[in-house]
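K.L.:
return a 3D structure for these sequence lines:
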Amino acid sequence: MDEEIASAVNRALFQQQAPVHVRIMNARRNARGTITAITHQNATADMALLYRDIIMKAARSVDKVIIDVEGNESWERLKIHTVPLMRYMGKGTEGLQKMKEEIQAENKGVTIPAQVRWLSNPRTIEERGQRGDIKASSVVFMVKGKKVAQRLVSKGVTAAGVRYKVQPYTNAGPESLCKLCCGWGHIESKRNHQPKCGYCAGPHRSDEHRCKVVRCGSKQGAVTARTPAFGLIGIRMVIMVYGCKRGLES
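P.N.:
The predicted structure follows:
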């Protein structure tokens, strides 16, 4: 049935002349009854949700107990420079696990789902530190929610009472999405391409798009670069089973 939902949604999007990249794939139902799907290449959940009514109607034509569709909350990647090796690297320091716990304990509303990691190869960093070439290095971590990430970038983050400057982190790998041309494999700062809108393929940036599909005239949000592990924002469909809402959190 889950494959049929993806089929019905994609056929409906095609019939309504949605851009060819606005499609869903890999629809799956988890143990809680939530059906999740990821957006197709060059699309984000925000783009797909411009066609929310179309998606809902098509999904419910296959499974009538579906009651809602929404985008999952994003996980944003950030980086911190000048992290002291003496405190967070080597025996007796507890490593970056300590820094993760400190950040979560000292900064309101910050949830870090995965381990904080060194931006460069840890062995290389340690060797350079032992030689006395460097005393600090950079780390990468993720936080839950775009607003939280923006706040940290604006105000910084505290760990062990020390304030660090935070910057957005974009890994320019094969599945990085350029904010300028909506192409994959690079980021905006690394290319000099002409702008191309991810919503309508017009000659303008996605964050300058004005919605013509729903005729609301409003400005839509920007397309953001994503990483392979967390980059494809899922479309979450909440299931109603025996009158009880299940799968509110996947």
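K.L.:
report the buried residues of the longest helix that the chain contains.
P.N.:
Longest helix in the chain, counting residues (DSSP state H): helix 2-15. Judged by neighbour count using 16 or more other C-beta atoms under 10 Å, the buried positions of helix 2-15 are 2, 5-6, 8-10, 12-13. Any C-beta I mention is one placed from the backbone N, CA and C, and that applies to glycine too.
K.L.:
and what of stretch 98-107?
P.N.:
Buried residues in stretch 98-107 (16+ other C-beta under 10 Å): 99-100, 102-103, 107.
K.L.:
can you give me how far it is from the chain middle?
P.N.:
Offset of stretch 98-107 from its chain centre (C-alpha atoms, centre = their mean, to the nearest Å): 22 Å.
K.L.:
for burial, what's the neighbour tally of the residue nearest to Leu85 when sequence neighbours are not counted?
P.N.:
Leaving aside its sequence neighbours, Leu85 sits nearest to Gly129 (C-beta to C-beta, 6 or more residues apart in numbering; 4.4 Å). By other C-beta atoms under 10 Å, 18 other residues sit near Gly129.
K.L.:
ok, Val143 next?
P.N.:
Based on other C-beta under 10 Å, the number of other residues close to Val143 is 25.
K.L.:
quick one: the residue with the largest distance to the centre of the chain and Glu94, what's the gap?
P.N.:
Largest separation from the mean C-alpha position in the chain: Arg131, at 37.8 Å (C-alpha atoms, centre = their mean). Note on Arg131: its distance to Glu94, by C-beta to C-beta, to the nearest Å, is 23 Å.
K.L.:
show me the shaky parts of this protein.
P.N.:
Across the chain, the ranges flagged by pLDDT under 70 are 1, 32, 41-42, 72-74, 171-177, 184-192, 211-250.
K.L.:
so it: which segments form each domain?
P.N.:
2-72+233-246, 75-168, 172-218 (automatic domain parsing).
K.L.:
which parts of this protein are helices?
P.N.:
Counting by DSSP H, the helices of the chain are 2-15, 45-48, 52-62, 85-88, 95-106, 122-131, 146-155.
K.L.:
adding distance to Ala27, write these out as a markdown table.
P.N.:
Below are those laid out as a markdown table (distance: least, C-beta to C-beta, whole Å):
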| stretch | distance to Ala27 |
| --- | --- |
| helix 2-15 | 4 |
| helix 45-48 | 12 |
| helix 52-62 | 9 |
| helix 85-88 | 41 |
| helix 95-106 | 33 |
| helix 122-131 | 38 |
| helix 146-155 | 25 |
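K.L.:
to Ala31, which of those lies closest?
P.N.:
helix 2-15 (13.6 Å; C-beta to C-beta).
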